[in-house]
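[1] can't give you the sequence, but here's the structure:
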């Protein structure tokens with residue numbers, strides 16, 4: 001998983017629609033996104049997190065304050081703003097969480113209960129999964145009552161856990177072999193449905209401690225899964241029957257303030273909105289900008305929105321552009337290029353390629369496998385596109401030569417961690433990608449008008 005998460009369920013796709021052919025020339029603009037304006041928004045989101053336990057995760061006071069901030073900004077720009085409420089399953093730690101390995105205890109820093117883990121206090125022999133854990137056969141031979149220990153694979157972490165539980169595991173340890181203490185990621189299992197065992201993510205040190213001599217693991221997760229609500233922010237300008245839609249997720253993870261992921265996308269959308277409001281929309285067109293909640297839990301807000309659209313509402317959206325992590329400190333200019341995206345999506349990819357090439361800036365395609373809020377729009381046949389500057393991807397020597405930065409290092413070393421603060425953002429890259437998104441937005445609304 002890259003910037004966010006995939007989805008538990010798919011929606012039936014509508015008939016794919018065709019967008020206009022890409023143009024070599026973009027409409028001239030007398031407006032642009034400025035780095036200082038992006039910084040101002042990110043400092044505001046950082047202050048909100050600092051005032052609310054260091055996070056802005058969905059279901060927390062920090063998230064609600066973020067909603068209020070963004071809604072006020074968009075209203076000041078002249079957008080019509082709504083903040084519809086969405087019900088979802090919340091998740092939080094309520095007490096003691098640890099993993100004891102033959103008496104050696106690992107706690108916060110080396111382990112996290114993953115999102116939608118069940119609560120539990122279990123003992124069992126470790127069973128180290130030899131394969132990826134993505135297929136049920138990988139658990140053949142695991143004795144009932146064991147604690148499954150599984151590294152990353154090509155599937156969702158949810159798939160690994162479901163397979164382990166169905167094979168008789170009483171708990172699961174999801175290993176991150178490249179993560180030291182304080183760097184452990186907390187993935188989402190996307191839904192509590194079918195998850196009845198405690199599950200933790202764990203560091204390299206935990207992996208090394210569970211060697212062949214270990215006879216027992218003791219896993220305790222004091223967590224709560226329950227009914228919660230969040231608010232999306234939906235802002236509109238113009239009143240035409242056909243619209244272009246932009247989106248970015250507003251929530252952070254449970255373990256940090258989320259300033260690159262995804263304050264950078266949020267700040268970019270606010271400033272794109274400012275630029276479009278000044279530039280003006282063609283007659284009979286509409287720009288809708290959404291700030292989604294619960295992406296880090298499994299694309300909750302965007303999923304609720306798309307599932308609530310009727311056929312006419314889906315058909316009215318000419319295209320959806322997504323911005324998720326556009327200021328990574330060791331970043332790359334990635335253009336969304338999911339091969340399974342609906343017809344018309346490839347034209348948006350080419351548009352972005354033309355934009356960067358015309359400015360002699362490097363850029364490359366990236367398949368996000370639907371791992372952000374664009375997934376739901378793609379699932380119903382709406383053309384999608386977007387920009388991304390990297391999360392866990394390791395920058396190659398060739399990419400370092402093209403973009404600058406450090407080779408053989410992650411594009412964002414603070415991805416999903418407490419250090420994802422304002423100082424973690426490359427404002428030059430965020431400004432570059434925001435202006436590319438602004439240019440494509442104006443091109444798309446102009447094309448809709450035609």
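    Received it, and whenever you're ready, just let me know what you need. Here the structure is a predicted model, which is why all the values come from computation and not from measurement. Residues are numbered from 1 along each chain as shown.
[2] what about the residue nearest to residue 319 when sequence neighbours are not counted, how many neighbours?
    Nearest non-adjacent residue to residue 319, counting by Cβ to Cβ, 6 or more residues apart in numbering: residue 383, 4.6 Å away. Heads up, the C-betas are built off the backbone N, CA and C, glycines and all. Other residues lying near residue 383 total 24 when counted by other Cβ atoms under 10 Å.
[3] and residue 383, what pLDDT?
    Note on residue 383: pLDDT of 98.
[4] Am I right that it is in contact with residue 321?
    No: contact criterion Cβ atoms under 8 Å: residue 383 and residue 321 do not qualify, at 9.5 Å.
[5] Show me the common contact partners of the two, please.
    Both residue 383 and residue 321 are contacted by residue 348, under the criterion Cβ atoms under 8 Å, 6 or more residues apart in numbering.
[6] Confirm residue 338 sits in a strand?
    No: counting by DSSP: H, G, I helix; E, B strand; the rest coil, residue 338 is not part of a strand but coil.
[7] what sits against it?
    Here residue 338 is in contact with 345, 367-370, 374, 378, 384 (criterion: Cβ under 8 Å, 6+ apart).
[8] now, which of the residues you listed lie within strands?
    residue 384 (DSSP state E).
[9] how about low-confidence regions in the chain?
    1-25, 449-450 (pLDDT under 70).
[10] In it, what residue spans correspond to helices?
    Here the chain has its helices, by DSSP state H, at 35-50, 61-76, 157-166, 204-209, 264-279, 295-298, 300-307, 311-315, 345-358, 374-379, 397-403, 427-449.
[11] The second one packs against which elements?
    Helix 61-76 is packed against helix 35-50, strand 80-82, strand 217-231, strand 233-238, helix 264-279, strand 285-292, with contacts defined by 3 or more Cβ pairs under 8 Å, 6 or more residues apart in numbering; DSSP states H and E.
[12] Report the buried residues of the fifth one.
    Same thing as helix 264-279. 264-277, 279 (16 or more other Cβ atoms under 10 Å).
[13] what's the closest residue to residue 396 other than its chain neighbours in contact with, if anything?
    Closest residue to residue 396 apart from its sequence neighbours, by Cβ to Cβ, 6+ apart: residue 407 at 6.3 Å. Contacts for residue 407 were tallied using Cβ under 8 Å, 6+ apart; they are 395-397, 399-400.
[14] Next, residue 407: phi, psi?
    phi -70, psi 150 (degrees, to the nearest 10).
[15] Could you check how far it is from residue 340?
    Separation of residue 407 from residue 340 (Cβ to Cβ, to the nearest Å) stands at 31 Å.
[16] swap in residue 250?
    26 Å.
[17] and these two? which has more neighbours close in?
    Applying other Cβ under 10 Å to residue 250 and residue 340 shows that residue 250 carries more neighbours, namely 30 against 10.
[18] Thought residue 290 was touching that one, still the case?
    No: in this structure residue 250 lies outside contact range of residue 290 using Cβ under 8 Å: 9.2 Å.
[19] what sits in contact with each of those two?
    What both residue 250 and residue 290 touch, as defined by Cβ under 8 Å, 6+ apart, is the set residue 233.
[20] Neighbouring strands - and their directions - for the strand ranked longest in the chain?
    Counting residues, the longest strand in the chain under DSSP E turns out to be strand 85-101. As defined by DSSP bridges, the strand partners of strand 85-101 come to strand 104-106 (antiparallel), strand 217-231 (antiparallel).
[21] tell me the domain ranges of this structure?
    The record's domain split for the chain, according to automatic domain parsing, is 35-84+232-449, 94-226.
[22] Could you find the closest non-adjacent residue to residue 386?
    residue 322 (3.7 Å).
[23] ok, the one you found to residue 408 distance?
    Residue 322 is 28 Å from residue 408, by Cβ to Cβ.
[24] next one: residue 60
    Taken as Cβ to Cβ, the span from residue 60 to residue 408 is 36 Å.
[25] Which residue of the two possesses the greater neighbour count?
    residue 60 (21 against 9).
[26] who are the neighbours in contact with the more buried one?
    With contact taken as Cβ under 8 Å, 6+ apart, residue 60 is in contact with 52-53.
[27] What of the one 5 residues further on?
    Going by Cβ under 8 Å, 6+ apart, residue 65 touches 48, 51-52, 56.
[28] Apply 10 Å and report the result again.
    44-45, 47-49, 51-52, 56 (Cβ atoms under 10 Å, 6 or more residues apart in numbering).
[29] Excluding sequence neighbours, find me the nearest residue to residue 26.
    Nearest to residue 26 is residue 439, by Cβ to Cβ, 6+ apart, at 4.8 Å.
[30] count of residues packed around the one you found?
    Residue 439, neighbours per other Cβ under 10 Å, totals 23.
[31] same question, residue 89
    For residue 89, using other Cβ under 10 Å, the count is 18.
[32] Against residue 359, how distant is it?
    44 Å.
[33] repeat for residue 435
    Counting by Cβ to Cβ, the gap from residue 435 to residue 359 is 9 Å.
[34] do the same with residue 336
    As for residue 336, its distance to residue 359 is 19 Å (criterion: Cβ to Cβ).
[35] who's more crowded, these two?
    Set residue 336 next to residue 359 and count neighbours by other Cβ under 10 Å: residue 336 wins out with 25 against 12.
[36] List the residues that contact the nearest residue to the more buried one once chain neighbours are set aside.
    Closest residue to residue 336 apart from its sequence neighbours, by Cβ to Cβ, 6+ apart: residue 386 at 4.1 Å. Counting by Cβ under 10 Å, 6+ apart, residue 386 makes contact with 3, 246-248, 265, 320-324, 326, 334-338, 345, 348-349, 352, 366, 368, 372-374, 433, 437, 440.
[37] So what's the residue count around the nearest residue to residue 160 once chain neighbours are set aside?
    The shortest distance from residue 160 to any non-neighbouring residue, by Cβ to Cβ, 6+ apart, is to residue 133 (3.8 Å). Burial of residue 133 is recorded as 26 neighbouring residues (other Cβ under 10 Å).
[38] And residue 446, by the same measure?
    17.
[39] ok, it touching residue 284?
    No: between residue 446 and residue 284 there is no contact under Cβ atoms under 10 Å: 11.8 Å.
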